[in-house]
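Please work out how this folds:
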Amino acid sequence: MATDERDRMIAELTELAGDPTRWADAEPDDLCQAAFLGLMHYGVTNDPAEVGQLVPLYNAVVQRVPIEERLELLQQVTGAVEQQSVSGNAIMPFLLVDPEHQIISTAALNLAVLTPGDDPLTGPREVLQIAVEQVDEAQQDTRTSMLAGLILLGDRRVIEMLGPCWELVDAKHRHDLARATSGFIYAAVVDFYLDWLDDCLKSGDESLFGNIAAQLARMPKQAGARKVFEMERIMPAWNAPDGVPIRYKETWGINEYARKIEPRFRDLLARESEPKVLPMVMQMWGLSA
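Residues are numbered from 1 along each chain as shown. Presented below is the predicted three-dimensional model:
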């Protein structure tokens, strides 16, 4: 594309971004590109005064642009943050404005691994702080999705930092949080769910116990490689010396890891009330009750 034509397009999209009266009739793709330019500008200036325009602009994107295209927009913005062209502030509208679980949880995960600081856990701590302090109690869906994104990092340091984070959401949304899943099995997440089962037994929440147990039962079938991983994220991701932002510390086969956690399963099984669901969970992990 010629420089003059590119400059003309940028000028038109910038004009569109600043004119709310045109958003309802604009082409969704143009609206998406206008939002991208606005997010890039905010990520460079970090000027709070721009939030007042960005929030309604992104709300218009939510209304007009399908979730698949918003996910693409998120990945484009994340790429710019990873290249350190803009700050993580450019990700914030996806985190706090978008209503879709997949977008919020992905944005939370991305922001967690791309926020610089003296401590590798600076990003996860910032996302947790946002979830607790900037998300209104009425926005339980948003808070739940942010917590899910942090859990799915799979990093034991993050899981330990989160602690019993299910207490940060109401009873209904604890069931939603219990469904947090990815295509991999991380040892720290397995332990997180086992800890949560223990808490359910202590509190007498049999319904939630069943949902968490079901999630554990699904895990072995979800992992195509049939492996369990102990890993750490390199945070921020651009500090990865070989370009790979994950450091795998240990790997087990499903049956091998099942034997490692078998004592915990049996302790929970002994305390579970009838009718028991853990025998089915253990069977999925290759263990007999």
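
Endpoint to endpoint, stretch 179-193 covers what distance?
Start-to-end span of stretch 179-193 (C-alpha to C-alpha, to the nearest Å) is 10 Å.

Ok, stretch 272-285 next?
18 Å.

Which residues in it does the neighbour count mark as buried?
Of the residues in stretch 272-285, 272, 277-278, 281-282, 284-285 count as buried by neighbour count, 16 or more other C-beta atoms under 10 Å. For the C-beta atoms, the positions are set from N, CA and C on the backbone; glycine is no exception.

Could you pick out which of these are located in helices?
Secondary structure from DSSP state H places 278, 281-282, 284 of those in helices.

thinking Leu39 is in contact with Gln53, fair?
No - under the criterion of C-beta atoms under 8 Å, Leu39 makes no contact with Gln53, lying 11.2 Å away.

more crowded one of these two?
More neighbours surround Leu39 than the other of Leu39 and Gln53, with 29 against 14 (other C-beta atoms under 10 Å).

Can you show me the CA trace of the host helix or strand of the more buried one as PDB?
If you go by DSSP states H and E, Leu39 is part of helix 28-45. Output of helix 28-45 as PDB, limited to C-alpha atoms (Å, rounded to 0.1, in the frame of the first residue of the first chain):
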ATOM      1  CA  PRO A  28     -17.800  -3.600  11.500                       C
ATOM      2  CA  ASP A  29     -14.400  -4.000  10.100                       C
ATOM      3  CA  ASP A  30     -13.800  -0.300   9.900                       C
ATOM      4  CA  LEU A  31     -15.000   0.100  13.500                       C
ATOM      5  CA  CYS A  32     -12.700  -2.700  14.600                       C
ATOM      6  CA  GLN A  33      -9.700  -1.000  12.900                       C
ATOM      7  CA  ALA A  34     -10.700   2.400  14.400                       C
ATOM      8  CA  ALA A  35     -10.700   0.800  17.800                       C
ATOM      9  CA  PHE A  36      -7.300  -0.700  17.100                       C
ATOM     10  CA  LEU A  37      -5.800   2.700  16.300                       C
ATOM     11  CA  GLY A  38      -7.400   4.100  19.500                       C
ATOM     12  CA  LEU A  39      -6.000   1.300  21.600                       C
ATOM     13  CA  MET A  40      -2.600   1.700  20.100                       C
ATOM     14  CA  HIS A  41      -2.600   5.500  20.800                       C
ATOM     15  CA  TYR A  42      -3.800   4.900  24.400                       C
ATOM     16  CA  GLY A  43      -1.100   2.300  24.800                       C
ATOM     17  CA  VAL A  44       1.500   4.800  23.800                       C
ATOM     18  CA  THR A  45       0.300   7.900  25.700                       C
END
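
which other residues reach it?
With contacts defined as C-beta atoms under 8 Å, 6 or more residues apart in numbering, helix 28-45 is touched by 10, 13-14, 16-17, 23, 26, 50-51, 53-54, 57-58, 60-61, 64-66, 69-70, 73, 76-77, 80-81, 85-90, 93.
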